[in-house]
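> test case, fold it:
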Amino acid sequence: MAIPTSHLLLLSALLFIIGTVGFLIRRNVLVVLMSIELILNAVNINLVTFSRNFASLNGQIFALFVITVTAAEVAVALAIVVSLVRNRETVDTEKMNLMKW
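Residues are numbered from 1 along each chain as shown. Below you'll find the predicted structure:
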């Protein structure tokens with residue numbers, strides 16, 4: 001039994017909306033990073049859904065590339081967050097906007 005395309009697109013849209021709202025409203029850096037992950041996962045669901053509908057592997061391959069880039073982005077972002085937390089002692093994005101230490 002296959003999941004209908006409309007259900008997958010609805011799930012993707014819901015994840016994208018939750019990620020966008022979390023990115024725009026929250027001030028915690030870790031929550032912002034998780035919101036970006038939700039947005040990218042919504043894009044991956046769309047890619048795989050349309051790849052399945054059009055009987056092509058291009059969307060699935062591109063989704064694997066997005067997952068790879070996301071893993072690298074998380075590693076770099078977490079290193080930056082750890083550095084900022086050590087220097088600023090906070091994870092609030094409002095307090096991390098100054099360049100001087």
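> got a list of what E73 touches?
Contact analysis of E73 by C-beta atoms under 8 Å, 6 or more residues apart in numbering lists I36. (Glycine included, C-beta is placed from N, CA and C.)
> and what of L47?
By C-beta under 8 Å, 6+ apart, L47 lies in contact with 59-60, 62-63, 66.
> just the pLDDT at it, thanks.
The per-residue pLDDT reported for L47 equals 93.
> low-confidence ranges, this protein, go.
Scanning the chain for pLDDT under 70 picks out 97-101.
> would you mark the buried spots in the longest helix that it contains?
Assignment by DSSP state H gives helix 58-88 as the longest helix of the chain. Across helix 58-88, burial judged by 16 or more other C-beta atoms under 10 Å covers 59, 63, 70, 77, 81, 84.
> could you dump the residues you listed to CSV with distance to I3?
Output for the buried residues of helix 58-88, formatted as CSV (distance: C-beta to C-beta, whole Å):
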residue, distance to I3
G59, 16
A63, 16
T70, 23
A77, 32
V81, 36
L84, 41
